[in-house]
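1. Pasting the sequence and the predicted coordinates here, then a few questions.
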Amino acid sequence: MRSLFCGFLLVLSSFLPAASLASPLRVEGSRFIDRAGRQVILRGVNVSGASKLPPFQVIRAAKDLWPLRGWGFNTIRLLFNWEAFEPEKDRYDLGYLRYYLKVIRWAAFYDLYVIVDIHQDAFSRYTAKGCGEGFPKWTLPPDLIAAEPKNDEVCKAWFVSAIADKDMHAAWSAFYLNTGGVRDQYLALVRKLSHAIAHERNVIGIDLMNEPWGEEETELHALYEDAAKEVRQELSDTILFLSPVALTSLGLKVSTLPRIDDPNIVHAAHFYDPGLLTNSWSKGALEQTALTWKTILGEWQTPLFVGEFGASPSLPRAADYLDNIYDLLDQELYSGALWVYTPTWNPETKDGWNQEDLSISDDKGQLRGAYRPRPFVERTPGILVDMRWNRLLQNLSFSYQPRGFGGFFDLVIPRNFKLSGFGISDRNLACKKLDRDRLRCSTQRQHSDRLIKVSVWFKEKKI
């Protein structure tokens, strides 16, 4: 009875007026900055592939999130499903909201940042020949016949088929035109969700729409402008992650999404090598896409957060493919979230949606081989200038420009590594472990114009 009463209070508090907590991070130019003025690098993972389908509530307990810090992550991009929350117009499933807030708090227990991701693919389970997910059935335009949800092996090529799916594009067009008030309902959803998370100390922002379709310069830009206003009614300083249209993730379109009028935003691109459609990949695809990112960032003057990138372990040299992406993130000091961690993965249904098979772990909780954890500098007391991980030498090197005097930097050390040596231009260094996966090192008082260079060596171990 006590747990039921506490759960009721949890949901009730999400709808009552109250001041929001200050966001743990903010945007400053191209960087994420914490409340103490330190620069933060986000290395995240999406959670979870199975949450796109009923019963939607697939994170079973706090222990499902326990491995993530030890695998080198400090952030989760947590999928939120509109169909699960509002299965019928104006009828909200408070049980789903209670579940979602509980997962956020489990993440806080493991000191993981959370990005709330309003997720959809190909609009709905009732479009794209039954292969999509996200929007509730009632949001379909009245003249569109709902498809029967499938989301099984017949949907393996869902993205390619969605490109030419007239019903899916019709649903998006009707949404932007506010047919049946659906666009208004989405904005109401954004407002309610913003209010619900206002007290969560580890939520750093909201991804307003995963991989949308439509015209970027008019339809999507206007949607983000309006959604941002709804968020700001509840959360004055949370970060808004803005995804371009779905086609940009494969490099099939260069994003032309204009910046919205809000100071605390991030360009949230996605990247999947188009060769993945034929089980191949090339370095050139990433290099070409990275050039377009630089162009957009030059216009937006914001950080880049690569909200999705990933590969199935069946991809030839899958680990090299992901390492190639992580090398770029390190080189450019970008942040991002790997797709995907599905703790309910199994050999039959795989990620649990459309027979996708990108989960980084198996049904025994072991990494499957595509993703190789790596150390990184999570937090620096100033401006991070460069960072590089050399897997062959097992060496992490980075440098930063201090702000003011002294301070500390935090290293994330995945559990399959142990520290073996330090080299630093500031000789007075005191280090202590924050927990089993992080090391904090304090430096002596420094002049703010002095560049600090650090080189750290590790030994890999079996776990």
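-> Noted; the coordinates are in hand.

2. From here on, just use CA atoms for contacts and neighbour counts.
-> OK.

3. Correct me if wrong, but Gln355 is in a helix.
-> No - under DSSP: H, G, I helix; E, B strand; the rest coil, Gln355 falls outside any helix and is assigned coil.

4. which residues touch Ala268?
-> By Cα atoms under 8 Å, 6 or more residues apart in numbering, Ala268 lies in contact with Phe241, Leu242, Ser243, Pro244, Leu304, Phe305, Val306, Gly307.

5. what about this structure, any weak spots by pLDDT?
-> Scanning the chain for pLDDT under 70 picks out 1-19, 405-406, 426-427, 444-449, 463.

6. What is the longest helix along it packed up against?
-> Secondary structure of the chain read by DSSP state H shows that its longest helix is helix 283-300. Of the remaining helices and strands, none touches helix 283-300 by 3 or more Cα pairs under 8 Å, 6 or more residues apart in numbering; DSSP states H and E.

7. The contacts of Ala268, buried ones only, as a ChimeraX selection?
-> Burial among the contacts of Ala268 is assessed by 16 or more other Cα atoms under 10 Å; the matching ChimeraX selection reads:
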select :241,242,243,244,304,305,306,307
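
8. so can I have CSV of the contacts of Ala268 showing distance to Tyr113 and secondary structure?
-> Formatted as CSV, the contacts of Ala268 follow (distance: Cα to Cα, whole Å; DSSP: H, G, I helix; E, B strand; the rest coil):
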residue, distance to Tyr113, secondary structure
Phe241, 14, strand
Leu242, 18, strand
Ser243, 19, coil
Pro244, 23, coil
Leu304, 17, strand
Phe305, 14, strand
Val306, 15, strand
Gly307, 14, coil
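
9. Including distance to Asp226, could the contacts of Ala268 go into TSV?
-> Formatted as TSV, the contacts of Ala268 follow (distance: Cα to Cα, whole Å):
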residue	distance to Asp226
Phe241	14
Leu242	13
Ser243	15
Pro244	16
Leu304	22
Phe305	22
Val306	23
Gly307	22
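
10. Export the longest helix of the chain to PDB, keeping only CA atoms.
-> The C-alpha atoms that make up helix 283-300 are tabulated as PDB, following Å, rounded to 0.1, in the frame of the first residue of the first chain:
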ATOM      1  CA  LYS A 283      35.600   5.800 -44.000                       C
ATOM      2  CA  GLY A 284      34.600   8.200 -46.800                       C
ATOM      3  CA  ALA A 285      31.000   8.300 -45.800                       C
ATOM      4  CA  LEU A 286      31.800   9.600 -42.300                       C
ATOM      5  CA  GLU A 287      34.300  12.100 -43.600                       C
ATOM      6  CA  GLN A 288      31.800  13.500 -46.100                       C
ATOM      7  CA  THR A 289      29.100  13.800 -43.400                       C
ATOM      8  CA  ALA A 290      31.500  15.400 -41.000                       C
ATOM      9  CA  LEU A 291      32.100  18.200 -43.500                       C
ATOM     10  CA  THR A 292      28.400  19.000 -43.500                       C
ATOM     11  CA  TRP A 293      28.400  19.000 -39.700                       C
ATOM     12  CA  LYS A 294      31.100  21.600 -39.600                       C
ATOM     13  CA  THR A 295      29.100  23.800 -42.000                       C
ATOM     14  CA  ILE A 296      26.000  23.600 -39.900                       C
ATOM     15  CA  LEU A 297      27.900  24.200 -36.600                       C
ATOM     16  CA  GLY A 298      29.500  27.300 -38.200                       C
ATOM     17  CA  GLU A 299      26.000  28.600 -38.700                       C
ATOM     18  CA  TRP A 300      24.500  27.500 -35.500                       C
END
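
11. got the buried residues for it?
-> Within helix 283-300, the residues that count as buried by 16+ other Cα under 10 Å are Ala285, Leu286, Thr289, Ala290, Trp293, Ile296, Leu297, Trp300.

12. Ok, stretch 344-362 next?
-> By 16+ other Cα under 10 Å, the buried positions in stretch 344-362 come out as 344-346, 349-362.

13. hmm, who's touching it?
-> Taking contacts as Cα under 8 Å, 6+ apart, the residues outside stretch 344-362 that touch it are 49-50, 52-53, 58, 131, 150-156, 158, 310-313, 339-343, 363, 367-371.

14. measure stretch 249-269 end to end?
-> Stretch 249-269 has an end-to-end distance of 7 Å (criterion: Cα to Cα, to the nearest Å).

15. Leu21 reaches Glu200, doesn't it?
-> Yes - with contact defined as Cα atoms under 8 Å, Leu21 reaches Glu200; the gap is 7.2 Å.
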